[in-house]
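[1] What would the 3D arrangement of this be:
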Amino acid sequence: MATLPNPLPKLAADPSGHTLGLELPAGRLIDAGGTSHALEAAGENDGPSQEPLLWHAGGPAAPGGWATLEPARRTSGLLPLVIDVGGDQGAPEDWELMPGEVSYPGDHDAEDVLAEFWDEYAAEELGADVDYPGKQAVVEVFGEQPAYDEKVAPFGPAWPGLAPATEQETDPDTRAAEIADSLTDSGSWLKEPRLALVPARRSADIPAAIGWSGPVNHDGDVARLCAALRSWEDRFGIRVVALTFDQLVLSVAAPPTTRDEAEAVAAGHFAFCPDNITQGHHETLRAYAEHEVLGRRVWSFWWD
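    Predicted coordinates:
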């Protein structure tokens with residue numbers, strides 16, 4: 001993928017980031033080989049032998065921390081992120097990051113990508129309505145599942161198109177800081193949140209910039225999903241706020257405010273991450289739109 005100059009290697013000799021106009025706490029660099037490098041005092045680091053993908057703080061994140069990293073966007077092209085190093089799959093060095101397998105998000109068209117996914121999973125759901133060996137046993141255990149038409153209503157097997165843009169409630173970066181603070185506060189569902197910095201052109205590109213493999217069972221090239229994120233960035237003011245091994249959390253500055261808007265957005269979510277509906281808490285697109293999209297300032301995605 002096309003890349004920008006990477007300022008992260010400078011942190012090996014300057015862990016506090018002074019030369020980049022930053023004041024960073026002690027932290028680590030994660031390189032393209034999946035190796036974690038602790039950054040000690042200035043001048044005491046040999047630095048990673050491979051290209052570093054991200055920096056993350058060594059200590060727990062706390063509310064207000066995101067704002068301290070915001071200057072990095074202007075001074076060095078590093079974008080803030082929250083990561084969870086305490087999940088069952090460990091820290092980023094254990095996440096099977098694959099930057100060499102990723103293309104460039106700008107080479108893909110968001111509508112083409114989402115339409116392709118919709119068509120694929122629509123066919124799967126249509127097939128799920130037919131009888132198959134053992135279906136009765138499944139129904140006895142899990143109950144009768146919604147028919148395809150019910151699951152994706154008010155839409156059908158044809159891709160309904162991109163949802164129209166909605167009006168912004170606030171500045172996208174302000175909303176991102178608010179959501180980051182909530183994720184790093186006590187009681188957050190993140191087990192061990194850490195502040196991180198990633199060299200990327202725009203927030204939507206962060207997963208591709210580090211070669212994140214969370215959605216690998218859905219698409220092996222996360223840049224295609226980043227094309228959709230770019231489109232949501234333009235239409236709904238999203239920012240990539242947090243990543244775990246297999247979860248993506250977005251802040252939303254322009255959430256849908258009507259049922260029709262929410263259902264149109266939910267169709268894109270179904271194409272982007274079918275597991276949110278097929279394996280989530282809400283069995284139909286309409287229910288998902290009502291509870292997870294309408295007026296929601298956070299969108300979260302999980303891939304099996």
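
[2] what about the closest residue to Gly59 other than its chain neighbours, how many residues close to it?
    Nearest residue to Gly59 in three dimensions, chain neighbours excluded: Pro25, at 6.1 Å (Cβ to Cβ, 6 or more residues apart in numbering). No exception for glycine: its C-beta is placed from N, CA and C like everyone else's. Using other Cβ atoms under 10 Å, Pro25 has 14 other residues around it.

[3] what's the residue closest to the geometric middle of the protein?
    Leu248 (3.1 Å; Cα atoms, centre = their mean).

[4] Identify the bridge partners of that residue.
    Per DSSP bridges, the residues bridged to Leu248 are Leu243, Phe301.

[5] residues contacting it?
    With contacts defined as Cβ atoms under 8 Å, 6 or more residues apart in numbering, the neighbours of Leu248 are Pro207, Gly214, Pro215, Val240, Ala242, Ser300, Phe301, Trp302.

[6] Pipe those residues into JSON lines and attach distance to Glu120, neighbour count and pLDDT per row.
    Converted to JSON lines, these look like this (distance: Cβ to Cβ, whole Å; neighbours: other Cβ atoms under 10 Å; pLDDT from 0 to 100):
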{"residue": "Pro207", "distance to Glu120": "20", "neighbour count": "26", "pLDDT": "98"}
{"residue": "Gly214", "distance to Glu120": "19", "neighbour count": "22", "pLDDT": "94"}
{"residue": "Pro215", "distance to Glu120": "14", "neighbour count": "22", "pLDDT": "95"}
{"residue": "Val240", "distance to Glu120": "24", "neighbour count": "27", "pLDDT": "98"}
{"residue": "Ala242", "distance to Glu120": "27", "neighbour count": "24", "pLDDT": "98"}
{"residue": "Ser300", "distance to Glu120": "22", "neighbour count": "16", "pLDDT": "97"}
{"residue": "Phe301", "distance to Glu120": "17", "neighbour count": "19", "pLDDT": "98"}
{"residue": "Trp302", "distance to Glu120": "19", "neighbour count": "16", "pLDDT": "96"}
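
[7] nearest to Phe272, of the residues you listed?
    Checking the contacts of Leu248 against Phe272 with Cβ to Cβ, the nearest one is Phe301 at 6.8 Å.

[8] any weak-confidence spans in the chain?
    1-3, 40-49, 122-149 (pLDDT under 70).

[9] quick one: the helices in it?
    Along the chain, counting by DSSP state H, helices occupy 10-13, 65-69, 71-76, 110-128, 135-142, 148-152, 172-183, 206-209, 222-236, 259-272, 275-278, 285-288.

[10] which strands and helices sit next to the last one?
    Spelled out, it's helix 285-288. helix 259-272, helix 275-278 (3 or more Cβ pairs under 8 Å, 6 or more residues apart in numbering; DSSP states H and E).

[11] from those, which stretch is densest packed?
    Greatest average neighbour count among these goes to helix 259-272 (a mean of 22), per mean count of other Cβ atoms under 10 Å.

[12] which residues sit against that one?
    114-115, 117-118, 121, 152, 154-155, 159-160, 162-164, 166, 225, 228, 232, 236, 256, 276-277, 285-286, 288-290, 292-295, 299, 301.

[13] could you redo the last one with a cut-off of 7 Å?
    114, 117-118, 152, 154-155, 160, 162-163, 166, 225, 228, 256, 276-277, 285-286, 288-290, 293-294, 301 (Cβ atoms under 7 Å, 6 or more residues apart in numbering).

[14] so who does Trp118 touch?
    Neighbours of Trp118 in contact, by Cβ under 7 Å, 6+ apart: Trp159, Ala271.

[15] so how far is Ser231 from it?
    Computed as Cβ to Cβ, to the nearest Å, the Trp118 to Ser231 distance reads 14 Å.

[16] Hmm, Asn276 and Trp303 touching each other?
    No. Under the criterion of Cβ atoms under 7 Å, Trp303 is not in contact with Asn276, lying 8.9 Å apart.

[17] Tell me which stretches of the stretch 1-150 of the chain form strands.
    Using DSSP state E, counting those that start in this stretch, the strands assigned to the stretch 1-150 of the chain run over residues 27-31, 36-38, 52-57, 78-84.

[18] looking at those, which is buried most?
    strand 78-84 (a mean of 26).

[19] list the helices and strands it packs on?
    helix 71-76, strand 193-199, strand 238-243 (3 or more Cβ pairs under 7 Å, 6 or more residues apart in numbering; DSSP states H and E).
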